[in-house]
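[1] Quick one: sequence and predicted model below, then my questions.
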Amino acid sequence: MTSTFTSSGLELAYDDIGEKEWGRPVVLLHGYASNRTEGWRRMGWHGAFERKRIRVLALDWRGHGDSAKPHDPQAYTREQMIGDVFALLDRLGIGRADLFGYSMGARLAIRAALAQPDRVPDLILGGIGERLFRPADATGALAAAMEAENPDVISEPLLRSFRAFADEQGEDRLALAACARGGDYGVTHELLAGVRARCLVVAGARDELAGDPQALAASIPGARATALPGCDHFSAIPHALFKAAVFDFIDGE
């Protein structure tokens, strides 16, 4: 059964898996055009965390899944998206939680950890790497790909992949376009130097969207990195080696 809460006037959906007695939870933050069911449950992450007796909270970002889907780009600012994460924790009376984000979710997890460092002890960042430092010049093209009436006019393969994925999930394309236009989730080396959380960075070795995870981890104090052999941006999420790296990191605390 889907649970909901309200953040800045929007009703957002989430899953709460596990028991309070299991200790500090992990918040799962999916990527762009995905949702909590496709990005985490179907990929085996809910079950994996349950077997480890780790409580997980899986959020549907605004504009995605079962959450509200405004079509105004101003509804998707970095501050509002980060605010949704802490509004969920406040709703459940949770002071501190670890954040596990993938792609867009990882970018926002970094910003959340920087905004309220006392509340985020651990960061797990998937699907991002050194390309995070490059200017976010593709957001307009991504929005246009979502707005196109006929996906056959989209020439860039990666944009076609995101559009096809959104269509497969039945997502609201205009909400996704607004999300792409409204978000500025980039970071700098200087910002990352201020991350206080323990951090793991994981990306597929063939993930051209993310780039080298080690180059990103080198800018975060004490961070470690793992590259998943043979994986691209989409195939890395369910991979057994990804789960092994995450639970090795958690167990090493």
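    Yep, that arrived. Numbering: from 1, shown residues only.

[2] all helices for the stretch 101-250 of the chain, in order.
    Taking DSSP state H, counting those that start in this stretch as the test, the helices found in the stretch 101-250 of the chain are 104-115, 139-147, 157-169, 173-182, 189-192, 213-217, 240-251.

[3] how about low-confidence regions in this structure?
    Residue ranges of the chain with pLDDT under 70: 1, 135-138, 253.

[4] And the strands in the protein?
    Per DSSP state E, the chain carries strands over the ranges 3-7, 10-17, 26-29, 56-59, 98-102, 122-126, 198-204, 224-228.

[5] Out of these, which is closest to residue 170?
    strand 10-17 (14.4 Å; C-beta to C-beta). To be clear about C-beta, it is placed using only N, CA and C from the backbone, and glycine gets the same treatment.

[6] what comes up buried for the closest one?
    Buried residues in strand 10-17, counted by 16 or more other C-beta atoms under 10 Å: 10, 12, 13, 14, 15, 17.

[7] Then stretch 205-218?
    Residues of stretch 205-218 classed as buried: 207, 209, 210, 211, 212, 213, 214, 216, 217 (neighbour count, 16+ other C-beta under 10 Å).

[8] ditto for stretch 116-132
    119-130, 132.

[9] now do the same end-to-end measure for that stretch.
    Using C-alpha to C-alpha, to the nearest Å, one end of stretch 116-132 lies 21 Å from the other.

[10] Distance from that stretch to the middle of the chain?
    9 Å (C-alpha atoms, centre = their mean, to the nearest Å).

[11] Make 38 the starting number, not 1.
    Let's use 38 as the start, then, which means that last one is stretch 153-169.

[12] Verify the stated contact: residue 63 with residue 90.
    No: contact criterion C-beta atoms under 8 Å: residue 63 and residue 90 do not qualify, at 11.8 Å.

[13] Which residues are in contact with residue 134?
    Contacts for residue 134 (C-beta atoms under 8 Å, 6 or more residues apart in numbering) come out as 61, 62, 63, 64, 94, 126, 156, 157.

[14] Can you verify my assumption that the fourth one contacts residue 137?
    Yes: distance between residue 64 and residue 137: 6.9 Å, which falls inside the contact criterion (C-beta under 8 Å).

[15] Compare the two (neighbour count), which wins?
    Counted by other C-beta atoms under 10 Å, residue 64 and residue 137 do not tie: residue 137 has more neighbours, with 27 against 24.

[16] From residue 186, how far off is that one?
    36 Å (C-beta to C-beta, to the nearest Å).

[17] for residue 178, same thing?
    Separation of residue 178 from residue 186 (C-beta to C-beta): 16 Å.

[18] and if you look at residue 214?
    Distance check for residue 214 against residue 186: by C-beta to C-beta, it reads 12 Å.
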